[in-house]
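> fold the following, please.
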Amino acid sequence: MSTSQLTFIPTGWHNHVKPFQYAVEALSGFGQVASSTTFTAQPLVTDADENSEMLSEKVMGDNVYTYYKHAFLGDRYTLSTKHAIFDTTFINICTKPPNYASPADNLASSITLVRSFQQSIGAYTLTEHFMGYQGSRAENVTLSISADGKTNLSIDWSIREIKGPTTSLGYTTPTFVTDFTGYTAVPLTHLDVGQLSFSYNAVTYVMDTFEITWANSLLNKAYPGSRLIDTNHCFHQDIGGTVEIVVGKDLVIEGLFTSATMTINNATQKISQAPSTLNLTAVKLNTLGKSQVAGANEEWKMKLGFECRATAFV
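Sure, this is the predicted structure:
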């Protein structure tokens, strides 16, 4: 009888010891954790996918059938997270345009992300290990609401440096969130947005699905001599998304697509009754789609594609 190949305890999501958490980095300390930094728990993280890439170039040479050697060019790191609880402060750090005079709550600041979990190292014992994602800045942020589910927040991160897994990140006297007792909020769902949650030009509509993405154009760049990126500052932002509304309220929106002029209006989408409403400024409707299937047990809806100049949570 053969024995198990495993000589250690497998690690899974249930082995997390501390909440996924973050701290804002100083403008002068990109990718650095200052002494005595206090960390804040992130909105409940449901998924985390990290990716490390070792950059290199194949160098061809005489009398070599494949290649001579690889030339090492540096390391690049990314992370994708999904969140079940909406947090206005956290999403502002990821979506508000940079304000270098007051950088703490917007894209001017990079942040350090930390996660903690129990992991085996070749034995049937578990030891707390850490992962540190330093110099993190949101590259793409997507917020979505649907008629039959929870409110979802997905973030793709550009990261300067990943540390770990390690039993110590080497930070000087950090204050971590030590347990999950602070997680008392209920994840937001479609029920929290309330009825008639979407408005266009101050007219409310019955919304079926809503999705918006902030695409932050980051300068992910390493200058000669640097193995890691020296900056990922945000230079530009594109905001756009889609909203599905039920046909029958009026003919105003359909009329915009047959008009000889282009119309720009504001819009709003409620996120929940208490925390906030998302204001969308200078909304341009780009596309209008209708799907009508004979025999389908579904109402007619319009799917609108849009872009806007700015957003704000109020």
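> in the stretch 151-300 of the chain, where is pLDDT below threshold?
273-275 (pLDDT under 70).
> quick one, strands of it?
Using DSSP state E, counting those that start in this stretch, the strands of the stretch 151-300 of the chain run over 152-159, 161-166, 198-200, 203-205, 207-218, 234-246, 265-270, 277-290.
> helix or strand right after the last one?
What that stands for is strand 277-290. Counting by DSSP states H and E, the next helix or strand C-terminal to strand 277-290 is strand 301-308.
> how far away is the closest residue to residue 77 other than its chain neighbours from residue 146?
Nearest-residue entry for residue 77: residue 159, 4.1 Å, with adjacent residues in sequence omitted and distances by Cβ to Cβ, 6 or more residues apart in numbering. For glycine as for every other residue, the C-beta is placed from the backbone atoms N, C-alpha and C. Between residue 159 and residue 146 the distance is 30 Å, computed by Cβ to Cβ, to the nearest Å.
> and for the residue nearest to residue 77, the neighbour number?
Residue 159 has 27 neighbours, counted by other Cβ atoms under 10 Å.
> as CSV, the strands of the stretch 151-300 of the chain with distance to residue 140 would be great.
Below are the strands of the stretch 151-300 of the chain laid out as CSV (distance: least, Cβ to Cβ, whole Å):
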stretch, distance to residue 140
strand 152-159, 4
strand 161-166, 19
strand 198-200, 22
strand 203-205, 27
strand 207-218, 6
strand 234-246, 10
strand 265-270, 19
strand 277-290, 17
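> that older thread, need the contact list for the residue nearest to residue 77.
Contacts of residue 159 were listed using Cβ atoms under 8 Å, 6 or more residues apart in numbering, and they are 77, 78, 79, 113, 133, 134, 135, 136.
> which of these are buried?
Buried members of the contacts of residue 159, scored by 16 or more other Cβ atoms under 10 Å, are 77, 78, 79, 113, 133, 134, 135, 136.
> what's the farthest-apart pair in the residues you listed?
The largest separation in the buried ones among the contacts of residue 159, counting by Cβ to Cβ, is between 78 and 134 at 13.4 Å.
> give the other helices and strands that the strand of greatest length in the chain contacts.
The longest strand of the chain (DSSP state E) is strand 127-146. Applying 3 or more Cβ pairs under 8 Å, 6 or more residues apart in numbering; DSSP states H and E, one finds that strand 127-146 contacts strand 69-83, helix 88-95, strand 111-119, strand 152-159, strand 161-166, strand 207-218.
> for the ones you listed, which one sits closest to residue 296?
strand 207-218 (14.2 Å).
> now what about the closest one, what contacts it?
In contact with strand 207-218 (Cβ under 8 Å, 6+ apart) are residues 94-95, 107, 137-147, 158, 193, 196-198, 232-246, 269, 278, 280, 301, 311.
> next, the buried residues of it.
When burial is assessed from 16+ other Cβ under 10 Å, strand 207-218 yields the following buried residues: 207, 208, 209, 210, 211, 212, 213, 214, 216, 218.
> okay, and the beta partners of the fourth one?
So the one you mean is residue 210. Beta-bridge partners for residue 210, by DSSP bridges, are residue 145, residue 243.
> the last one too?
Beta-bridge pairing for residue 218 (DSSP bridges): residue 234.
> mind checking how far it is from residue 239?
15 Å.
> before we move on, back to that, redo the contacts of residue 159 as CSV? Include distance to residue 64 and pLDDT.
What follows is these, written out as CSV (distance: Cβ to Cβ, whole Å; pLDDT from 0 to 100):
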residue, distance to residue 64, pLDDT
77, 31, 97
78, 33, 98
79, 37, 97
113, 42, 97
133, 38, 98
134, 39, 98
135, 38, 98
136, 40, 98
